[in-house]
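Trainee: Dropping a prediction and its sequence here:
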Amino acid sequence: MISEFILHAALAGIGVAIIAAPLGCFVVWRRMAYFGDTMAHSALLGAAAAIAFDIDATLGVFTVAVLVALALLALERRGGLATDTLLGLLSHSALAVGLVVMGFMAGLRLDLFGYLFGDILAVNTYDLALIWGGGAVILAILIRIWRPLLAATVAPDVAAAEGMNPHRHRLIFMLLLAGVIAIAMKIVGILLITALLIIPAATARRLAATPEAMAGIAAIAGSLAVIGGLWAAMTADTPAGPTIVVAALVLFLAGTVTWKRKAVDHG
Amino acid sequence: MPSSPAPDLTARPGPLSRDSDMPGGVLFRATGVGVRRGDDWLVQGVDLTINPGEIVTLIGPNGSGKTTTAKIVLGLLRPDAGRIERAGALRIGYVPQRLTIDDTLPFTVRRLMTMTGPATDTEIDRALERAGVGHLAGAAVQRLSGGEFQRTLMARAILRKPDLLVLDEPVQGVDFAGEVALYELIRDIRDELGCGVLLVSHDLHFVMAETDRVLCLNRHVCCAGTPQSVAADPEYRRLFGPRAVETLAVYQHHHDHAHGPDGEVIPLSGERGPDAHSHGDGAVCHMDHGPSPAGTADDQ
């Protein structure tokens, strides 16, 4: 019999996997993996701020992730340092500041491990509502801007010349990404969110012929990783978040090997 | 073309129709336009008008501001000096100089075609066939050769039925026969849609036959006019060196053209002057009766 908390965990994980898949594809296409990481690392600071100001943790994480994204855009525009340097600077500073601020709150008995690596088994109905409700909003917006965002990804100059607004769509995309990070933090933790964005998308790449198919296959791969990871974590008594990421990795490797073999057969 | 006091910088497409927006149906006009990077002017004092049904070619050496000027026309760059006028609701088709599509993105030619706007499969297939790449609709864009990709980008721009078609070095990676075919395609599209065309090229030799006007740039307008008058201009010769001589060889009997001072617009007409001569021969002839293009669907 499946206990209620396993069911909650699976529903939450699958919800996050479905939302993360299309956004993760854009992260891969736009080569923004490190950027996603930077936003995710700022989540700890967001969580600490949420406690300090007594606001909802998800809102705190979302707000700080957006601020970090805007800071990066501003620094990028100012020039002088390469983007990866700026990302490294912001990413690790945000994480360090977050840990220090958390340190000041030692009296609150915070579950630091839970923030860093997720606590999917502690998901409650409020979290579920947030994941599926917030996820539906994020997906709806993404579908609405799908064509211009794709054009802005493939050829921003062409998109702009032909009447689209790639800057605006990039900004909307960053907001959506911040939203996913805020929602996904509880599931896999801030250190592993990027993995959930990228690994299923990478798994889907060789199997897909269109961008939409890649997003769909990534959603399936992510969901399978959640189910497989949860099952393995239960069986082997390992931490759930990291185990889900390991399951995603196994799927990726299996997909790569299968594809290579197929390529050899056809070649 | 009548000159008139037109409204200031209108980078955004307005609700007005082209005709009511710009006198004489002019698509785009730049007056004394310049773009600055730090203390340097990338281009300066550029006057450029594009009318419907007209092919305007920008030539110039590397770093002469050709692409910068094209980006002003496209609305991608805001000039630091001068004035821009643009027809309202101007529909642009843009063939960029370079476009790299990341290998992580599964993207077929068909998808590329509808990147910035919807189209039916029939429309897509027709546009691809016109550009001679009809058989590639289902191919992944990353697998195309340089020439195939250029043709696909051209097909994509045509599909939009633009008012203004902007092509930045459209013949890169295309062999000679393909080059001739592409220029003929540009001409046919112009004839069919009546659109204005802005063509950026480093090589005047090949674009002569179809071009109505040439602007030779070297951070400013060195000379402008018909292809024949520009080819005969000493500024042009100085900029392009041996290549200009080679081109000029075709036009050797044209050396008697009048020349304006540096940066001034040369009178357009090649037919004036004491010993005016017909210009329809030489390289122009060579283009008109050049190798038959393979794969263009002229007869559609």
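Mentor: Happy to help now that I have it.

Trainee: Where do the helices of the chain begin and end?
Mentor: Using chain A. Under the criterion DSSP state H, chain A contains helices at A:4-29, A:33-41, A:43-52, A:57-78, A:83-104, A:112-117, A:125-144, A:146-154, A:156-161, A:166-188, A:193-205, A:211-236, A:240-266.

Trainee: my bad, chain B
Mentor: B:18-21, B:66-74, B:109-113, B:121-130, B:146-159, B:176-193, B:204-207, B:227-231, B:234-240, B:242-250, B:282-288.

Trainee: mind listing what the one residue in the stretch 151-267 of chain A that gets nearest to chain B touches?
Mentor: Per CB to the nearest CB, the residue of the stretch 151-267 of chain A with the smallest distance to chain B is residue A:161, at 4.0 Å. Heads up, the C-betas are built off the backbone N, CA and C, glycines and all. The contact partners of residue A:161, by CB atoms under 8 Å, 6 or more residues apart in numbering or on different chains, come to B:74-76, B:92, B:94, B:166.

Trainee: Among these, name the ones that also lie close to chain A.
Mentor: B:74-76, B:92, B:94, B:166 (CB under 8 Å from any CB of the partner chain).

Trainee: List the ones among these that fall in strands.
Mentor: If you go by DSSP state E, these have B:92, B:94, B:166 in strands.

Trainee: Write out the residues of chain A neighbouring chain B.
Mentor: A:28-29, A:31, A:147-148, A:150-151, A:153-155, A:157-164, A:202, A:205, A:208-211, A:213-214.

Trainee: now those residues: which count as buried?
Mentor: When neighbours are counted using 16 or more other CB atoms under 10 Å in any protein chain shown, the residues of chain A next to chain B contain these buried positions: A:28-29, A:147-148, A:150-151, A:153-155, A:157-164, A:202, A:205, A:208, A:211, A:214.

Trainee: Generate a ChimeraX selection restricted to the buried entries among the ones in strands among the ones next to chain A among the contacts of residue A:161.
Mentor: In ChimeraX, a selection of the buried entries from these looks like this (16+ other CB under 10 Å):
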select /B:92,94,166
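
Trainee: What is the nearest of the ones in strands among the ones next to chain A among the contacts of residue A:161 to residue A:244?
Mentor: residue B:94 (43.6 Å; CB to CB).

Trainee: And that closest one, how far from residue B:210?
Mentor: Residue B:94 is 19 Å from residue B:210, where distance means CB to CB, to the nearest Å.

Trainee: Sort out which residues of stretch A:240-254 are buried, please.
Mentor: Burial within stretch A:240-254, assessed by neighbour count using 16+ other CB under 10 Å, is assigned to A:240-252.

Trainee: cool, stretch B:139-147 as well?
Mentor: Neighbour-count burial for stretch B:139-147 [16+ other CB under 10 Å]: B:140-141, B:144, B:147.

Trainee: I'd like these as a markdown table, with pLDDT and distance to residue A:259 appended.
Mentor: Rendered in a markdown table, the data for these read as follows (pLDDT from 0 to 100; distance: CB to CB, whole Å):
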| residue | pLDDT | distance to residue A:259 |
| --- | --- | --- |
| B:140 | 94 | 15 |
| B:141 | 94 | 20 |
| B:144 | 92 | 22 |
| B:147 | 85 | 29 |
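
Trainee: among those residues, which are in reach of chain A?
Mentor: residue B:140.

Trainee: Just give me the closest of the buried residues of stretch B:139-147 to chain A.
Mentor: residue B:140 (7.8 Å).

Trainee: which residues does the closest one contact?
Mentor: Taking CB under 8 Å, 6+ apart, one finds A:209, B:106-109 in contact with residue B:140.

Trainee: now the residues you listed: which count as buried?
Mentor: Neighbour-count burial (16+ other CB under 10 Å) is assigned, among the contacts of residue B:140, to B:106-109.

Trainee: which ones are touching the closest residue to residue A:39 other than its chain neighbours?
Mentor: Nearest-residue entry for residue A:39: residue A:65, 4.4 Å, with adjacent residues in sequence omitted and distances by CB to CB, 6 or more residues apart in numbering or on different chains. The contact partners of residue A:65, by CB under 8 Å, 6+ apart, come to A:39-40, A:42-43, A:46, A:177-178, A:181-182.

Trainee: again, only this time at 10 Å
Mentor: Applying CB atoms under 10 Å, 6 or more residues apart in numbering or on different chains to residue A:65 gives the contacts A:36, A:38-43, A:45-46, A:94, A:174-175, A:177-182, A:185, A:190.
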